[in-house]
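Trainee: Predicted model, plus sequence, below.
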Number of protein chains: 2
Amino acid sequence: MKKYITSDALMAMEKQERVHFINSLGGFKSVSLVGTSDKSGNTNLGIFSSFFHIGAQPPLIGMIFRPSPPERDTLRNIIDTGFYTVNHINENIYKQAHQTSARYDASISEFDATTLTKEYKNNFLAPFVAESNIQLGVEFKEKIDISINNTLMVIGEIVQIYIPENCFYEDGFIDLEKANTITCSGLDSYHKTIQLDRLSYAKPDKELISIK
Amino acid sequence: MKKYITSDALMAMEKQERVHFINSLGGFKSVSLVGTSDKSGNTNLGIFSSFFHIGAQPPLIGMIFRPSPPERDTLRNIIDTGFYTVNHINENIYKQAHQTSARYDASISEFDATTLTKEYKNNFLAPFVAESNIQLGVEFKEKIDISINNTLMVIGEIVQIYIPENCFYEDGFIDLEKANTITCSGLDSYHKTIQLDRLSYAKPDKELISIK
């Protein structure tokens, strides 16, 4: 039996409960660690779960920033230096990944605090997370103000990609499960996945077939 | 061993391969069915995997539209009528959900073509999907042009919520697994999930504990 929750019932919730509730409603989320450094090379690492695909040509990825303190370091570094890394989270590092959301002093690198390993390669300015199996080097392109609630969308172009050899299919599909990439829900829940199927391209009056 | 894919290598890929590849890179996605109707009451149902949380007060959900035909009916209905539904997909309906991506004539409702059931309730203008366990009634608030690649972000406010009684925790967390909500990756892969853990609120110098 479903429960009907009206706008009024939602507004009557205690604030933190409502935040968690609304955050859960959108479904499972793409969650990754964003690595940056400031102009002096001091590094920062933060967990984000608001990534979305914008387009393939050019290859663009979007994310949402809210004005709260822990996200401010990441945003400032992205704008100041123009580069950031997006590192998928796997079962071995999700606790350390979650820990990066603690409000450390700006002088402390979350890499050091969580013992995740900085990795620099191919002249990319921002640090990757060595323990991550799928790593993206992203160049900042644009920020768009979302005035309705004072948040910000950041759009970046994917310019470097690192993925395990055995996860890459000929048709372009990437097997995220083989890379041990996980997903999250709400503010604090982490999940691994089990593939149900891959389905053929849908056409009217044509039966779908499994292409797994 | 990781493979390094440069921007040049990406651009050398065959177009459809690159589309699938970039779409996979962002990680697991929130996937739902969007139900709408036009001003005459003709219904439309489409699968989308670009949802993201924007904020809790007001409760806002975002999604990306690209200018291709199957998405155009949904977008036009949202703008014309001001309302749409977002219906989580579960293991029982993911094949029908995928089938809604076929390019049906505008005169054909994907509800009829896939035998998913229209559900109208509490005076909400747009149709819900009866087979979906978590259903959101959303009011259109704003569209923002993403000029960099000619896409569009649509922002809506969640005004009606339906969730199974037993999925709702006191702290606001919603157990999406209990609701059988699934996730997707790339263009055609569907996945159920297994919860690894829920983790306590992170603080510097404090050990995380399981709150599952």
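Mentor: Perfect, thanks for sending it.

Trainee: Show me which helix or strand of chain A is least confident by mean pLDDT.
Mentor: Here the helix or strand of chain A ranked lowest by mean pLDDT, DSSP states H and E is helix A:69-81, holding a mean of 87.

Trainee: Now for A:Leu152, how many residues are close by?
Mentor: 16 (other CB atoms under 10 Å in any protein chain shown). Backbone N, C-alpha and C define where each C-beta goes, glycine included.

Trainee: Any idea how far the helix or strand that A:Ala9 is a member of is from the middle of the chain?
Mentor: A:Ala9 is part of helix A:7-11, with elements assigned from DSSP states H and E. Offset of helix A:7-11 from its chain centre (CA atoms, centre = their mean, to the nearest Å): 29 Å.

Trainee: Dump the C-alpha coordinates for it into PDB.
Mentor: C-alpha atoms of helix A:7-11 as PDB (Å, rounded to 0.1, in the frame of the first residue of the first chain):
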ATOM      1  CA  SER A   7       3.500  19.300  -0.200                       C
ATOM      2  CA  ASP A   8       2.100  20.300   3.100                       C
ATOM      3  CA  ALA A   9       3.100  17.000   4.800                       C
ATOM      4  CA  LEU A  10       6.600  17.500   3.300                       C
ATOM      5  CA  MET A  11       6.900  21.000   4.700                       C
END
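
Trainee: All the strands of chain A, residue numbers only.
Mentor: A:2-6, A:32-37, A:43-48, A:52-56, A:59-65, A:83-88, A:118-119, A:128-129, A:135-146, A:151-164, A:183-185, A:189-198 (DSSP state E).

Trainee: Nearest to B:Lys95, out of the ones you listed?
Mentor: Within these, the stretch nearest B:Lys95 is strand A:189-198; the backing value is 8.0 Å (CB to CB).

Trainee: Can you spell out which helices and strands pack onto the closest one?
Mentor: Here strand A:189-198 touches strand A:183-185, helix B:94-99, strand B:189-198, going by 3 or more CB pairs under 8 Å, 6 or more residues apart in numbering or on different chains; DSSP states H and E.

Trainee: Run through who's touching that strand.
Mentor: A:28, A:31, A:89, A:91, A:94, A:98, A:173, A:176-177, A:180, A:182-185, A:210-212, B:28, B:91, B:94-95, B:173, B:177, B:182-183, B:186, B:188-199 (CB atoms under 8 Å, 6 or more residues apart in numbering or on different chains).

Trainee: 6 Å - rerun?
Mentor: A:94, A:177, A:182-184, A:210-212, B:188-198 (CB atoms under 6 Å, 6 or more residues apart in numbering or on different chains).

Trainee: ok, of those residues, which come out buried?
Mentor: With burial judged by 16 or more other CB atoms under 10 Å in any protein chain shown, the buried subset of the contacts of strand A:189-198 is A:94, A:177, A:182-184, B:188-193, B:196-198.

Trainee: Tell me the one among these nearest to B:Phe83.
Mentor: Distances from B:Phe83 to the buried ones among the contacts of strand A:189-198, taken as CB to CB, are shortest for B:Tyr190 (27.2 Å).

Trainee: low-confidence ranges in chain A?
Mentor: A:69-71 (pLDDT under 70).

Trainee: possible to save the helices and strands packed on strand A:189-198 as TSV with distance to A:Tyr104?
Mentor: As requested, the helices and strands packed on strand A:189-198 are exported to TSV (distance: least, CB to CB, whole Å):
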stretch	distance to A:Tyr104
strand A:183-185	21
helix B:94-99	40
strand B:189-198	22
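
Trainee: A:Tyr169 is nearest to which of these?
Mentor: Among the helices and strands packed on strand A:189-198, strand B:189-198 sits nearest to A:Tyr169 (CB to CB), with 10.1 Å.

Trainee: how big is the angle separating the closest one from strand A:189-198?
Mentor: Calculated by axes from the mean of the first three to the mean of the last three CA atoms, to 10 degrees, strand B:189-198 forms an angle of 160 degrees with strand A:189-198.

Trainee: thinking again about what came up before, can you pull the buried residues of the helix holding A:Ala9?
Mentor: Buried-residue list, helix A:7-11, by 16+ other CB under 10 Å: A:7, A:10.

Trainee: Quickly check: it near chain B or not.
Mentor: Yes. Counting by CB under 6 Å from any CB of the partner chain, chain B is contacted by helix A:7-11 at A:Ser7.

Trainee: That helix - contacts with which helices or strands?
Mentor: Helices and strands in packing contact with helix A:7-11 are not found; criterion 3 or more CB pairs under 6 Å, 6 or more residues apart in numbering or on different chains; DSSP states H and E.

Trainee: what do you get if the cut-off is 8 Å, keeping everything else the same?
Mentor: helix A:15-25, strand B:151-164.

Trainee: just so I know, which of these lies nearest A:Gln160?
Mentor: Of all these, strand B:151-164 sits nearest to A:Gln160, with 23.0 Å by CB to CB.

Trainee: Pairing partners for that closest one, with directions?
Mentor: Paired strands of strand B:151-164, with direction, are strand A:2-6 (antiparallel), strand B:59-65 (antiparallel), strand B:135-146 (antiparallel) (DSSP bridges).

Trainee: Just the C-alpha atoms of the shortest one, please, in CSV.
Mentor: Taking C-alpha atoms only, strand A:2-6 is exported to CSV below (Å, rounded to 0.1, in the frame of the first residue of the first chain):
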residue,chain,number,x,y,z
LYS,A,2,1.4,3.4,-1.0
LYS,A,3,1.5,6.4,1.3
TYR,A,4,0.5,9.7,-0.2
ILE,A,5,2.7,12.6,0.9
THR,A,6,1.5,16.1,0.0
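
Trainee: For that strand, buried residues please.
Mentor: In strand A:2-6, counting by 16+ other CB under 10 Å, buried: A:2, A:5.

Trainee: what does it contact?
Mentor: B:122, B:133, B:135, B:159-165, B:168.

Trainee: circling back: relative to strand A:83-88, how tilted is the least confident helix or strand of chain A?
Mentor: 130 degrees.

Trainee: TSV for the helices and strands packed on helix A:7-11, including distance to A:Leu75?
Mentor: Listed next are those as TSV, based on distance: least, CB to CB, whole Å:
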stretch	distance to A:Leu75
helix A:15-25	19
strand B:151-164	18
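
Trainee: hang on, the earlier thing: looking at the strands of chain A, which is nearest to B:Met11?
Mentor: strand A:59-65 (9.3 Å).

Trainee: hmm, back to that, who wins for proximity to B:Asp38 among the strands of chain A?
Mentor: Comparing these by CB to CB, strand A:2-6 comes nearest, at 25.8 Å.
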